[in-house]
Every structure is written in C-alpha cells, then in structure tokens.
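# Fold the following and give me the result.
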Amino acid sequence: MNHVAVCLPPFPSLPFAYLATYIDMTSAPAPLPYHSSPLLLSFDIGTRHLAYCALALAPGAGALTEAPTVKRWAVVDLLAVEGTPYTEAATHVCLKSWTAKQLRAWLDARGLSSVGKRSELQARITQRLLDTGVRKVAPNNPCLLATQLHAYLDSQPWMLQCDHVVLENQPCLTNPVMKSVQLILFSYFMYRGVWCEYARRRATGEDVRALPKVSLVSASNKLKAEMTGLVGAGAGAGAGAVHAAGGGGDGDRDSGGEAVAAVAAAAAVAPAQGSKAAYKARKHDAIALMGSLLDAWCAADAGAYEAWRALFRSRCKKEQDDLSDCLLQGLYVLRKPRVEARAKATKRAIAVAKRAGKAAQTRATKAQRSAAKAAAAHK
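Sure thing, here's the model as predicted:
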C-alpha cells in the first residue's frame with residue numbers, strides 16, 4: 001500500500017488558540033434580525049431535505065399560549081448545493097426528480113440538444129456526465145452527504161450565532177444513514193459552535209461559561225408542543241390521557257386554541273394500527289397542527305406570521321411535514337422549562353394547601369377535645 005505524506009501547517013503554540021483561524025472566515029456572518037431572548041435553532045434530520053427553524057420566545061412572557069418569534073424557517077435540498085466536489089455527481093440523483101424544463105435548461109447551458117421526451121433528456125444528461133468522467137454516486141453515500149451538508153452550513157454562518165441547537169435524535173439500527181447525518185450535524189456545531197467559540201474566548205480572556213448548547217431530542221416530543229400548554233388547559237387535559245408525559249396548561253387560550261385542540265383530539269380518538277400507519281398518522285397530525293397554529297398566530301398578528309403561513313402552504317406535503325417537525329420540536333424545547341416550572345409551582349401549591357388543611361383539621365380536633373374536657377370538668 002502506498003502512503004502519501006500530507007504536510008499540515010503547525011498549530012499555534014498557545015494551548016487554547018483560536019483554531020477557527022484555519023477555517024475560511026473571509027465572509028462576515030449575515031446578521032440575524034434583532035432578538036433580545038435566547039435564539040433556538042431546531043433541525044429536522046433528512047438524508048436529502050434538511051429543514052430548520054430559528055425561533056425564540058419573548059423574554060419574560062408568562063402565557064404559554066404566546067406565539068414564538070420565528071426568525072428563519074426553511075427546507076433545503078442538500079443535493080442541490082453547488083460549489084462542492086460532488087456537485088456534478090449529485091446531478092445523477094437530482095435529475096430523476098427534475099422537471100422537463102429543468103432538464104432542458106441543463107442541456108441548453110452546455111450546448112446540447114434539448115429535444116425529446118423527459119426520459120430521453122435524462123438519458124442524455126446521464127451519458128454526458130459519464131462521458132466527462134463524472135461517475136454515479138449513491139444518494140446515501142456518507143462522503144456525499146457530509147460534503148454537501150458542510151458546504152451548506154458554511155454558507156449560513158448566522159447559525160453559529162444561535163444560543164441553542166436542537167437535533168432530532170435518530171434510531172441507529174432502524175435508519176443508520178439518518179443517524180450518520182445527525183452525527184455530522186452534531187459534530188459540526190460542537191466544533192464550530194462550541195469548541196471554536198470556547199477557544200476564542202479563552203484566547204481573548206472572555207467569559208467561557210455561557211457557551212452555545214447542542215441537544216438531541218426524541219422525535220416523539222414533536223406532537224407534545226400543544227400538549228404542554230400551547231393551547232391552554234382544555235387541550236392539555238385531553239392530551240394528558242394520550243401522552244403520559246404531557247404537561248399541564250395554565251388556563252389561557254388563544255383565538256385559535258379550539259382549532260388546535262380539535263386537531264389534537266382527532267389524533268387521540270382513533271390511534272392508527274401498525275408502525276407504518278402510525279408513522280403516517282403522526283406526519284398528518286403534525287401538518288394539521290402546524291397549519292392550525294399558523295392560522296391562530298396570523299389571527300393575532302398577521303404582519304408577523306402571514307409570510308410564514310404562505311411559505312408553509314406553498315410547499316408539498318413532504319416539505320410541509322419537514323417544516324412542521326422542526327418548528328414543533330423547537331416549540332417543545334422552548335416551552336418545556338416553563339411548563340415544568342408551572343408544574344412544580346402547582347405541585348408546591350397543592351402540597352402547601354394540603355399541609356394547611358391538615359394543620360387546620362388538627363387545630364379543630366384539638367379545640368373539640370379541649371371543649372369536651374372543659375364540658376366534662378363543669379359536670
């Protein structure tokens with residue numbers, strides 16, 4: 001076996017020097033819209049389509065039914081990312097879903113004939129790629145996925161400004177490719193977002209305690225967003241019977257709460273049988289819930305949410321599912337601390353009331369006994 005020696009530049013002598021100097025930082029990060037509260041970035045994992053949502057809750061907001069502030073919300077075709085070593089190889093996969101117009105545009109741009117049926121155009125493109133030495137690549141090739149994913153993430157430097165990154169945890173045995181994508185994302189944000197930021201702060205003497213956070217969340221929590229108080233106590237009570245881990249509501253209800261509660265109730269009436277049927281039912285429920293939430297938020301503030309509702313409605317069912325999953329997952333993570341705090345406060349209040357009632361009963365019993373003794377003494 002022939003070994004190739006690779007010469008790398010020496011690392012800085014300082015133990016905590018900013019290692020990101022070896023990363024291309026020539027382009028300044030695009031600033032996010034102003035936000036005064038911690039910003040959460042939620043990802044729905046996919047081998048080709050990656051959905052993400054950057055959102056935050058208003059600081060000091062008390063009502064659990066309050067709508068979040070959505071900063072970014074998108075679904076991206078990773079194989080369509082250009083400027084990578086796999087850009088042309090990914091064309092072998094992408095052309096299968098291209099329209100005839102896209103196929104003709106690709107051929108016209110290279111001076112090739114664009115006359116014929118869709119299958120003929122696809123065969124012509126495939127042959128051109130093979131003739132130019134571009135081999136076919138499997139859509140789940142880990143090198144392809146990692147390269148395309150890193151290229152896209154590097155083109156979105158604002159993501160490194162987020163305070164909390166949430167990734168949907170994937171089953172390693174059921175879908176190992178999805179697990180690989182999750183670990184690529186996890187490693188990227190742990191290195192670029194946590195370690196590089198820690199090294200930079202150590203080098204400049206800044207506080208290293210409040211670093212960005214990266215979390216893995218179970219996919220089963222996505223439909224708990226409305227169960228944890230999003231639509232008030234009415235829906236939360238009904239959901240508690242379905243989801244054993246559902247939180248308690250605070251009694252508030254927004255203008256669209258009834259619609260969202262109806263969606264949750266419809267999902268709870270007749271659970272689907274079988275793993276595939278249950279999977280499809282969860283996808284349908286997530287889309288329906290997201291649509292109802294957007295309607296409710298638009299009714300309260302159309303200027304802030306109408307564009308997001310239009311984006312959601314303009315996408316196909318598959319992309320709507322991805323968009324729903326990432327936003328609902330983010331909502332669950334954002335609201336969970338408030339729900340848990342309210343649950344603990346309610347539990348403490350109940351305990352205090354029980355102790356007070358028991359103490360009052362004890363005092364009443366002692367008073368009765370004293371009165372009985374006094375009455376007996378007079379006799």
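
# my guess is Val165 is in a strand, correct?
Yes - counting by DSSP: H, G, I helix; E, B strand; the rest coil, Val165 is found in a strand.

# Would you mind measuring from it to Val339?
21 Å (C-beta to C-beta, to the nearest Å). Using the backbone N, CA and C atoms, a C-beta is placed for each residue, glycine as well.

# Which one's more surrounded, the two?
Taking neighbours as other C-beta atoms under 10 Å, Val165 and Val339 compare with Val165 leading, 25 against 22.

# dump the residue contacts of that one.
Applying C-beta atoms under 8 Å, 6 or more residues apart in numbering to Val165 gives the contacts 40-41, 43, 159, 189, 193, 212-215.

# For it, which residues count as its bridge partners?
Legend: beta-bridge partners of Val165 under DSSP bridges are Leu41, Val214.

# sorry, back to before: got a winner among the contacts of Val165 for most neighbours?
Ranked by the number of neighbours (other C-beta under 10 Å), these place Leu41 first, at 27 neighbours.

# ok, now which ones touch that one?
Leu41 touches 52-54, 159, 162, 164-166, 330, counting by C-beta under 8 Å, 6+ apart.

# again, only this time at 6 Å
With contacts defined as C-beta atoms under 6 Å, 6 or more residues apart in numbering, the neighbours of Leu41 are 54, 159, 162, 165.

# Ile184 contacts Leu144, correct?
No - Ile184 is beyond contact range of Leu144, at 11.3 Å (criterion: C-beta atoms under 6 Å).

# And these two? Which one has more around it.
Ranked by neighbour count (other C-beta under 10 Å), Ile184 and Leu144 place Leu144 first, with 21 against 17.

# and the residue nearest to the more buried one when sequence neighbours are not counted, how many neighbours does it have?
Nearest non-adjacent residue to Leu144, counting by C-beta to C-beta, 6 or more residues apart in numbering: Tyr86, 4.9 Å away. Neighbourhood size, Tyr86 [other C-beta under 10 Å]: 20.

# what helix or strand is the closest residue to Asn140 other than its chain neighbours on?
Counting by C-beta to C-beta, 6+ apart, Asn140 lies nearest to Val177, which is 4.6 Å off, once chain neighbours are set aside. Secondary-structure assignment from DSSP states H and E places Val177 in helix 176-188.

# where do the helices sit along the protein?
Along the chain, counting by DSSP state H, helices occupy 87-94, 100-109, 118-131, 142-154, 176-188, 196-204, 233-242, 257-269, 275-300, 302-314, 317-378.

# Tell me which other helices or strands the longest one touches.
Translated: helix 317-378. Applying 3 or more C-beta pairs under 6 Å, 6 or more residues apart in numbering; DSSP states H and E, we find helix 317-378 packed against strand 40-44, strand 49-56, strand 69-77, helix 275-300.

# by how many degrees do it and helix 302-314 diverge?
Angle of helix 317-378 versus helix 302-314, following axes from the mean of the first three to the mean of the last three C-alpha atoms, to 10 degrees, is 120 degrees.

# between helix 317-378 and helix 275-300, how many degrees?
Relative orientation of helix 317-378 and helix 275-300, computed by the same axes, to 10 degrees: 80 degrees.
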